[in-house]
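Asker: next one to model:
(2 chains)
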Number of protein chains: 2
Amino acid sequence: MAREIERKFLIADQRWRDEAVGSVAIRQFYLARTGRVSVRVRIIDAVEARLTVKSAVPGMIRDEFDYAIPVADAVAMEALRSGSVIEKTRYRLPCTAGVLTVDVFGGDNAGLLIAELELADDAPEVALPDWLGREVTGDARFYNADLSERPFAGWSAAEKAAAAAPTG
Amino acid sequence: MAREIERKFLIADQRWRDEAVGSVAIRQFYLARTGRVSVRVRIIDAVEARLTVKSAVPGMIRDEFDYAIPVADAVAMEALRSGSVIEKTRYRLPCTAGVLTVDVFGGDNAGLLIAELELADDAPEVALPDWLGREVTGDARFYNADLSERPFAGWSAAEKAAAAAPTG
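Answerer: Predicted coordinates:
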């Protein structure tokens, strides 16, 4: 199984919307997070739920363990979460080299948009869409787990201005 | 679904061994633990694995969410754990009123034996076996999650003497 490289970008302008081919509504939260692991529950379009254990330990062959669970379980587990619930609409965009999505956050993170590009690590170099903004790969503030602990709504005006998508 | 009452006891003597009708080898560890939840991985007889989310929030209708996962996943997740691995052999004993087990711990908790009696909360009063020792229900030191953080091997001599099973 090829490892994946995940790159994250802010959004420079709204042209991506013309390319979007579908979307799902995601509601997710974290049951726990340690220096080694995060445990996430995700509800997709209110009809599908996943329990995901993500490794924060470098060098593991598998860094994610993902299981389908009943939606009712996921809903009940919301009371057990740490941090706030992440609400976002995930748009899928055509991309021949990998998977390209734009997350439009709502709730406590309204105003934030993040594009994600997932490529196999042996994929050839690709031309990036020119509506992508600043790359924020590795910037922990934009990790969903961090957003659940420190949502966009609570960022300073300067931080917000640097991260928010232009509306033009 | 009736809620369960779980009572825990130390062991007064070895007569329980004559009653044991079967056993399973359990290897378990915790991925994370917060004030609200613990996330446990358990491997049973090396052929079955479970991922279990346990609530620490009082008053929830469901306090446990339990899923079968591939054994290979559970083995790989051991690298993500917090605390030490709990190793124990769980013996099942006949009990008409509920489920009666004795856990004989190994590894970092060798020397510790704990009996557990699970009863539906509407079950009639039962006579307790006379080989049960001191009740330790609610004593956090004997919770498996606590034993993973503070194993029996590291207890003081006095604590150990008070908890260890007599060998006679």
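Asker: from here on, just use CA atoms for contacts and neighbour counts.
Answerer: Noted.
Asker: once you drop chain neighbours, what's closest to the residue nearest the centre of chain A?
Answerer: By CA atoms, centre = their mean, the mean C-alpha position of chain A lies nearest to A:Asn144, the distance being 5.7 Å. Spatially, and ignoring its direct neighbours in sequence, A:Asn144 is nearest to A:Ile86 (7.3 Å; CA to CA, 6 or more residues apart in numbering or on different chains).
Asker: verify the contact between the one you found and A:Ala25 for me.
Answerer: No - between A:Ile86 and A:Ala25 there is no contact under CA atoms under 8 Å: 10.7 Å.
Asker: and chain A, which of its residues are near chain B?
Answerer: A:31-34, A:36-37, A:55, A:57, A:62, A:65, A:67, A:69, A:73, A:76, A:80-81 (CA under 8 Å from any CA of the partner chain).
Asker: compare A:Ile86 and A:Ala25 (neighbour count), which wins?
Answerer: Each of A:Ile86 and A:Ala25 has its neighbours counted (other CA atoms under 10 Å in any protein chain shown); A:Ile86 has more, 23 against 17.
Asker: state the distance from the more buried one to chain B.
Answerer: 18 Å (CA to the nearest CA, to the nearest Å).
Asker: next up, the contacts around that residue.
Answerer: A:Ile26, A:Arg27, A:Gln28, A:Phe29, A:Phe105, A:Gly106, A:Gly107, A:Asp108, A:Asn109, A:Asn144, A:Leu147, A:Ser148 (CA atoms under 8 Å, 6 or more residues apart in numbering or on different chains).
Asker: just put these in a markdown table and tack on secondary structure and pLDDT.
Answerer: Output for the contacts of A:Ile86, formatted as a markdown table (DSSP: H, G, I helix; E, B strand; the rest coil; pLDDT from 0 to 100):
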| residue | secondary structure | pLDDT |
| --- | --- | --- |
| A:Ile26 | strand | 98 |
| A:Arg27 | strand | 98 |
| A:Gln28 | strand | 98 |
| A:Phe29 | strand | 98 |
| A:Phe105 | strand | 98 |
| A:Gly106 | coil | 97 |
| A:Gly107 | helix | 96 |
| A:Asp108 | helix | 96 |
| A:Asn109 | helix | 97 |
| A:Asn144 | helix | 95 |
| A:Leu147 | helix | 97 |
| A:Ser148 | helix | 96 |
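Asker: so, if you compare those, which one comes nearest to B:Arg134?
Answerer: Nearest to B:Arg134 out of the contacts of A:Ile86 is A:Phe29 (CA to CA; 40.7 Å).
Asker: from the residues of chain A next to chain B, which land in helices?
Answerer: Counted as lying in helices by DSSP state H, out of the residues of chain A next to chain B, are A:Asp73, A:Ala76.
Asker: return a ChimeraX selection command for the buried portion of the residues of chain A next to chain B.
Answerer: Typed into ChimeraX, the line below selects the buried ones among these, using 16 or more other CA atoms under 10 Å in any protein chain shown:
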select /A:31,32,33,34,36,37,55,65,69,73,80,81
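Asker: A:Ala161 falls within a strand, correct?
Answerer: No - counting by DSSP: H, G, I helix; E, B strand; the rest coil, one finds A:Ala161 to be helix, located in no strand.
Asker: correct me, but A:Leu10 touches A:Val136?
Answerer: Yes - in this structure, A:Leu10 is within contact of A:Val136 by CA under 8 Å, at 6.8 Å.
Asker: looking at those two, which is more packed in?
Answerer: With neighbours defined as other CA under 10 Å, A:Leu10 and A:Val136 compare such that A:Leu10 has more, 23 against 18.
Asker: what helix or strand does that one sit in?
Answerer: strand A:4-11 (DSSP states H and E).
Asker: could you export that strand as CSV, CA atoms only?
Answerer: Extracted in CSV, the C-alpha atoms of strand A:4-11 (Å, rounded to 0.1, in the frame of the first residue of the first chain):
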residue,chain,number,x,y,z
GLU,A,4,-0.1,9.1,1.0
ILE,A,5,1.1,12.6,1.0
GLU,A,6,-1.5,15.1,2.2
ARG,A,7,-1.0,18.8,1.4
LYS,A,8,-3.2,21.5,2.7
PHE,A,9,-3.8,25.0,1.3
LEU,A,10,-5.9,28.0,2.0
ILE,A,11,-8.1,29.3,-0.8
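Asker: next SSE after that strand?
Answerer: Criterion used, DSSP H and E; the element after strand A:4-11 is helix A:16-19.
Asker: residue contacts, A:Ala140?
Answerer: A:Ala140 makes contacts with A:Asp146, as judged by CA under 8 Å, 6+ apart.
Asker: which residues does A:Arg40 bridge with?
Answerer: A:Tyr30, A:Thr52 (DSSP bridges).
Asker: pretty sure it contacts A:Ser55?
Answerer: No - when contacts are counted by CA under 8 Å, A:Arg40 is not listed as touching A:Ser55 (11.2 Å).
Asker: name the SS class of A:Ala123, please.
Answerer: coil.
Asker: what residues does it make contact with?
Answerer: A:Ala97.
Asker: buried residues in the helix or strand containing A:Arg134?
Answerer: Assigned by DSSP H and E, A:Arg134 falls within strand A:132-135. Buried positions in strand A:132-135, judged by neighbour count with 16+ other CA under 10 Å: A:Leu132, A:Gly133.
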